[in-house]
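S.K.: sequence and predicted structure, then a few things I'm wondering about:
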Amino acid sequence: MGLGGPWDAPDYGPEHIDAAADAVEAALSIGITRFDHADIYGRGKSEGVFGELLVRDASLRARIQIQSKVGIRLGEAGGFGHYDLSGKAILDGVEGTLRRLRTDYLDLLLLHRPDPLLDPAEVGDAVARLLADGAIRAIGVSNMSAAQMDALQDHLPVRLAADQLELSLRHHAFAESAVLVNHGDGASVSFPHGTLEHCMRHGIELQAWSPLAGGRYTGRPPAEASDADRATSALVAELAAAKGVTPEAIVLGWLMRHPARIGPVIGSANPARIRACAGAEAVAEAMTRAEWFALFQTARGQRVP
């Protein structure tokens with residue numbers, strides 16, 4: 001999302017291409033080979049800059065996977081922004097994405113946001129056409145519940161491959177929904193209970209957007225940081241020092257410790273911050289249940305029931 005310069009800028013320049021190259025090199029240096037896009041990021045400039053990298057290095061495309069998202073329409077010509085998962089919008093969105101990325105296919109296409117006017121049969125026809133044409137190799141969703149995925153799955157020619165949701169130590173409602181079953185406070189949790197379990201049952205990869213919560217616990221606390229935020233930052237720093245890793249590795253490792261094998265989508269385009277995420281997998285493997293719950297309960301500001 002951060003590639004290509006400011007969203008309100010009309011175009012990108014050579015400096016933005018160089019910055020994107022540095023970010024991609026940092027990612028590759030720590031073993032990241034999948035890159036997440038959306039047709040709206042930078043109003044198309046993020047995909048455009050990445051496409052320049054694919055032209056600059058002809059070997060890069062074969063070494064990476066690219067996923068992108070369609071379905072959000074920004075307010076054009078003063079109109080209201082809205083969601084559009086009509087068949088035509090999906091086909092047109094993928095066509096524009098491939099053109100900007102300078103590639104023939106996406107490894108994975110995600111439907112960006114649930115569209116209340118979505119016609120599952122129409123979506124299924126569009127997806128079938130994209131698969132048959134080789135424009136995409138897999139289909140997934142973003143920000144959808146188990147019920148929404150089930151309704152869509154009935155009309156798709158292949159199984160859904162992924163669901164991308166906001167999941168993090170800060171946005172921990174997915175864990176709240178589990179511990180607050182049969183509890184009065186459960187009604188206050190907005191996360192659609194059963195979504196993680198549905199993905200685990202059906203082999204749907206769970207991806208987490210904003211997994212570092214904007215750096216809230218890794219050195220970039222917001223001005224309105226709460227007591228729980230400050231206590232969590234301190235605990236993250238303590239665990240990082242004890243394990244000889246970065247705070248980023250602790251925060252990501254907490255998320256990846258979940259048996260759903262959640263895959264964090266790192267949003268930063270800063271090479272130093274990207275490299276700071278190295279080691280998260282090892283942290284996840286070694287994190288004890290006590291450490292996981294300590295982080296969770298500190299972040300939620302109270303003990304579990």
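M.R.: Nice, I can see it.
S.K.: going by C-alpha atoms from here, please, whenever you check contacts or count neighbours.
M.R.: OK.
S.K.: domain ranges for this structure?
M.R.: Split into domains by automatic domain parsing, the chain comes to 1-160, 163-196+203-305.
S.K.: export these to a markdown table and tack on mean neighbour count?
M.R.: Listed next are these as a markdown table, based on neighbours: other Cα atoms under 10 Å:
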| stretch | mean neighbour count |
| --- | --- |
| domain 1-160 | 18 |
| domain 163-196+203-305 | 18 |
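S.K.: next, format those as JSON lines and append mean pLDDT.
M.R.: As requested, the domains of the chain are exported to JSON lines (pLDDT from 0 to 100):
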{"stretch": "domain 1-160", "mean pLDDT": "96"}
{"stretch": "domain 163-196+203-305", "mean pLDDT": "96"}
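S.K.: is the nearest residue to residue 35 once chain neighbours are set aside in a helix, a strand, or coil?
M.R.: Leaving aside its sequence neighbours, residue 35 sits nearest to residue 66 (Cα to Cα, 6 or more residues apart in numbering; 5.0 Å). Under DSSP: H, G, I helix; E, B strand; the rest coil, residue 66 falls in the strand class.
S.K.: residue 66 contacts residue 104, doesn't it?
M.R.: No: contact criterion Cα atoms under 8 Å: residue 66 and residue 104 do not qualify, at 11.1 Å.
S.K.: check the gap between the residue nearest to residue 35 and residue 92 for me.
M.R.: 18 Å (Cα to Cα, to the nearest Å).
S.K.: tell me the centre residue of this protein?
M.R.: residue 209 (3.0 Å; Cα atoms, centre = their mean).
S.K.: and residue 46, what element?
M.R.: Assigned by DSSP states H and E, residue 46 falls within helix 45-56.
S.K.: which residues sit against the helix or strand just after that helix?
M.R.: Following helix 45-56 in sequence order, the next helix or strand is helix 60-63 (DSSP H and E). Applying Cα atoms under 8 Å, 6 or more residues apart in numbering, the external contacts of helix 60-63 come out as 33, 54.
S.K.: can I get helix 60-63 in CSV, CA atoms only?
M.R.: Only the C-alpha atoms of helix 60-63 are listed here, as CSV (Å, rounded to 0.1, in the frame of the first residue of the first chain):
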residue,chain,number,x,y,z
LEU,A,60,11.8,-11.3,-10.4
ARG,A,61,8.3,-12.5,-11.5
ALA,A,62,9.4,-16.2,-11.4
ARG,A,63,10.8,-15.8,-7.9
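S.K.: these two touch, right, the residue nearest to the centre of the chain and residue 164?
M.R.: Yes: the criterion here is Cα under 8 Å, and residue 209 meets it with residue 164 at 6.6 Å.
S.K.: how far does stretch 57-65 sit from its chain's centre?
M.R.: Taking Cα atoms, centre = their mean, to the nearest Å, one finds the center of stretch 57-65 at 21 Å from the center of the full chain.
S.K.: I should have written stretch 163-182 there, sorry.
M.R.: The answer for stretch 163-182 is 15 Å, by Cα atoms, centre = their mean.
S.K.: ok but residue 163 is inside a strand, no?
M.R.: Yes: read with three-state DSSP, residue 163 is one of the residues of a strand.
S.K.: which strand residues bridge it?
M.R.: residue 141, residue 206 (DSSP bridges).
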